[in-house]
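**Student:** need the 3D shape of this:
(chains A and B)
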2 protein chains.
Amino acid sequence: MNAPLQAETLRREIPAACLQSLQALLGDRLSVAAAVREHHGRDESPYPAMLPDAVVFAESTEEVAAVAKLCNSHGVPIIPYGAGSSLEGHLLAVQGGVSIDLSRMNAVLAVNPEDLTATVQAGVTRKQLNEAVRDTGLFFPIDPGADASLGGMAATRASGTNAVRYGTMRENVMSLTVVTADGRVVRTAGRARKSSAGYDLTRIFVGSEGTLGIITEVTVRLYPQPEAVSAAVCNFPTLDDAVRSVIEIIQMGVQVARVEFMDAAAVRAVNLHSKLNLRESPLLLFEFHGSPSGVQEQAETVQAITAEHGGMDFDWAERPEDRSRLWTARHNAYFAGLQLRPGCRASTTDVCVPISRLADCVRETVDDLDRASFPYTIVGHVGDGNFHVQMLLDPDSQSEWQESEAISHRLVERAISADGTCTGEHGVGLHKMQFMEREHGAEALALMRSLKHAFDPNNILNPGKIIAW
Amino acid sequence: MNAPLQAETLRREIPAACLQSLQALLGDRLSVAAAVREHHGRDESPYPAMLPDAVVFAESTEEVAAVAKLCNSHGVPIIPYGAGSSLEGHLLAVQGGVSIDLSRMNAVLAVNPEDLTATVQAGVTRKQLNEAVRDTGLFFPIDPGADASLGGMAATRASGTNAVRYGTMRENVMSLTVVTADGRVVRTAGRARKSSAGYDLTRIFVGSEGTLGIITEVTVRLYPQPEAVSAAVCNFPTLDDAVRSVIEIIQMGVQVARVEFMDAAAVRAVNLHSKLNLRESPLLLFEFHGSPSGVQEQAETVQAITAEHGGMDFDWAERPEDRSRLWTARHNAYFAGLQLRPGCRASTTDVCVPISRLADCVRETVDDLDRASFPYTIVGHVGDGNFHVQMLLDPDSQSEWQESEAISHRLVERAISADGTCTGEHGVGLHKMQFMEREHGAEALALMRSLKHAFDPNNILNPGKIIAW
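**Tutor:** Numbering: from 1, shown residues only, chains lettered A, B, ... in the order given. Down below sits the predicted model:
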């Protein structure tokens, strides 16, 4: 599959003097080896790799600042690299330059259990952070699936299955240390839970995908590990019944920790993959966090509401092993989907709409997908109105890629018409740039561009991503 | 009391041609009457009024855009005006210009109960919004005390007593319509609950105090009215015991809706004012939202934890009339404080620190205040680490003002040293500008300034506020 690049692909020449200075600075932590560049010129998107000219492995904020100063003075692009798990071409070196790998900056710098905060270097992954704080009785909830780095999660404004309860990186990053294009070091905020002291630099950098600054440290909020956790699963005759249930559950004030949707095809896929016998109709999976009596009460309320909307086969469990049995379907959905078509490669969409528009948006998308020449599944973070279509494509078929892109375009158009967004959690990267003007309008895009020009006047920070220069 | 202005006070001349064009645009909704200008040249801060040259009463986003275009072409300042309830000199026309009163833009444009959102014009007040959504079973939680306009609350990143549960305007504004300095109209986001589609324009304008754009419409999140509400009150031997209790309560995962602190002086003031017999020692007031059994469980957990920390006289109530009895003290604290010194004017601080540093910060502040020549009280949003010292000053005494400013400086220094902020919820305006470099550092301030320059190149948007040009 040859996903065409719609970005600026003007490759700049990296001056020998710049490379020499980087070498002097970093020694053998500078690499120009093809395999290393290849590894850093791709992500989990369907795009073919576009290699940086060099890769540096930074070990401190000061080193990142020194690299930025050097590259800025030579007009050489810098692409921050964390765990490599982004999905939209964020990491491709479309203009060449230096990939700055932050994975060695993996120290947990501070855990403050009384304040429910932790400060980590950008290369720390979410699983590593949760290991580090486990003994405090706290946890970091954001879970995008991949074991992404905290810096990368902040940079893409990531979220995942429990955003409905705990929010996204937007709500959970308290402060960042950022290196600017010209190598200054900025801390965006203190650790107070709230502040009205001037412009919100933290949230300017959250979601900026390395185009406004290089995130080197992240302070995040932690949450008490829930005293009790329970899970429930329920089938519905139609998607609409499932969505109606979720709307009512949320309006009732039930604080579900997760509520995930799977379409019949996704259920069929996991039945095949994991030898389950789930009813092959739209399915909701719930998770509840709270006190033992609280989670029981939540489950009872949810059962009553789902029953009013045609819910079937309601099942719930409190013991960890029973909970994982119920959630097997969701955990295996992605790989089960892939196995519906052996050898395929998936292209995944990421629209998010107001929940009142979700059922219509999914239904119209299903009508469109049912005319496609390839199979697909749908899963969704239904409490947020965010859903992913997994289109299972022949990697050698250019026509399937084009067909999937056309479906994706129509889906994005549908989502934006419903006052939604082209990307709920994956970010823009290269792949969603084409939708930015449609979503935001020319005037908003002009403001974004003026921000980019102000923060990165030489266009060295991950150039060619989010918005065209 | 003559609070000296430390801002740029370069008054610009408003060209006659600009005034004539505004008159042609707005007719009798342009006023240059002294009384109208006087009313719009002040806020609830201790500063004397600084009058705008003219006041316009806008009735639509298009009118605001036309005014901005005109003023921008003439280099004339614009100061957005909502309910006039800001506290730090935000509204003073330090460089003259046009106050643009948005209070007539008071339409509730849309309520979407299924999505838990409402969209209002900027002049709608929080009480008006809550009236408008009452029948939906939803409410808008942010309560800064004053019946502020939603536009003003967004512009100052306001919060209040229940931010510990529901967050601040930062978390609760979903989208804004903003008029830029040169009169373009931008909508900052759709209504999806989350998005990773580019720079976070919404949060760039939240907290920008009219210096980056003029907010004309606000889309906010709503919440289900809690099925049950209960309240509790508890005294402690020391502040430290009270704060330790709150830290433990939050770490246990009890989702208190409000938890307010009052010092012994504040309790004494309300005892005098409202003929109560509360023990005159540090006091915590709680409010719980949830199901009937949930709020009972929360109150029991809180009682157990407070008992371990020397809590005394624990009292709790579920019926509305009993709840208001418990909360009388907090509701009357501000005016009761004022009556400790008849004829005084209050100067109020607003620092916010990580909760682990709160007890030390308050204790050191009390030591400082106890040497002052005027009385004071302290109340605080203790779950957020935000507290207000109410210093009761002789309005005719310049020396008391200077003394209070010196105390305020030391308090801010203490808060920033504790990784906190000079303002948790009141904003910067004029009064806190002096602390911005100390809090953020020169490099972060330079980034903020470059943002201001990019969005408002002629410096017409509330000039002389937040940061010096």
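**Student:** tell me if stretch A:424-437 is near chain B.
**Tutor:** Yes - Stretch A:424-437 lies within reach of chain B by Cβ under 8 Å from any Cβ of the partner chain, at A:G424, A:E425, A:H426, A:G427, A:V428, A:K432, A:F435, A:M436. Just so you know, the C-beta spots here come from the backbone N, C-alpha and C atoms, and that holds for glycine as well.
**Student:** export that stretch to CSV, keeping only CA atoms.
**Tutor:** Output of stretch A:424-437 as CSV, limited to C-alpha atoms (Å, rounded to 0.1, in the frame of the first residue of the first chain):
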residue,chain,number,x,y,z
GLY,A,424,-10.6,12.7,18.6
GLU,A,425,-7.3,11.4,19.8
HIS,A,426,-4.9,10.4,17.1
GLY,A,427,-3.8,13.8,16.1
VAL,A,428,-3.3,15.5,12.7
GLY,A,429,0.2,14.5,11.6
LEU,A,430,0.3,14.4,7.8
HIS,A,431,-2.8,12.4,7.2
LYS,A,432,-5.4,14.8,8.7
MET,A,433,-3.8,18.1,7.4
GLN,A,434,-6.2,18.0,4.4
PHE,A,435,-9.2,18.4,6.8
MET,A,436,-7.9,21.3,8.9
GLU,A,437,-9.4,24.2,6.9
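**Student:** can you give me phi and psi for A:T177?
**Tutor:** According to degrees, to the nearest 10, the main-chain angles of A:T177 amount to phi -100, psi 130.
**Student:** pretty sure it is touching A:F205, no?
**Tutor:** No - between A:T177 and A:F205 there is no contact under Cβ atoms under 8 Å: 9.9 Å.
**Student:** hmm, back to that, what is the nearest of the residues of stretch A:424-437 next to chain B to B:L138?
**Tutor:** Distances from B:L138 to the residues of stretch A:424-437 next to chain B, taken as Cβ to Cβ, are shortest for A:G424 (23.0 Å).
**Student:** quick one, phi/psi of that closest one?
**Tutor:** With angles defined as degrees, to the nearest 10, A:G424 sits at phi -80, psi -30.
**Student:** run a quick neighbour tally on it.
**Tutor:** If you count neighbours by other Cβ atoms under 10 Å in any protein chain shown, A:G424 ends up with 30.
**Student:** kindly state the beta-bridge partners for the residue lying closest to it once chain neighbours are set aside.
**Tutor:** Closest residue in space to A:G424, ignoring its immediate chain neighbours: A:C352 at 3.0 Å, by Cβ to Cβ, 6 or more residues apart in numbering or on different chains. A:C352 forms beta bridges with A:N386, A:T421, as assigned by DSSP bridges.
**Student:** residue contacts, A:C352?
**Tutor:** Going by Cβ atoms under 8 Å, 6 or more residues apart in numbering or on different chains, A:C352 touches A:384-387, A:415, A:420-421, A:423-425, B:192-195.
**Student:** go again using 6 Å as the cut-off
**Tutor:** Shown in contact with A:C352 (Cβ atoms under 6 Å, 6 or more residues apart in numbering or on different chains): A:G385, A:N386, A:G420, A:T421, A:G424, B:A192, B:K194.
**Student:** so the third one sits against B:R191, correct?
**Tutor:** No - taking Cβ atoms under 6 Å as the contact criterion, A:G420 and B:R191 are not neighbours in contact, 7.4 Å apart.
**Student:** roughly how far does A:N72 sit from A:A54?
**Tutor:** As judged by Cβ to Cβ, to the nearest Å, A:N72 and A:A54 stand 15 Å apart.
**Student:** pretty sure A:F435 contacts A:G420?
**Tutor:** No - applying Cβ under 6 Å as the test, A:F435 and A:G420 come out as separate, 11.2 Å apart.
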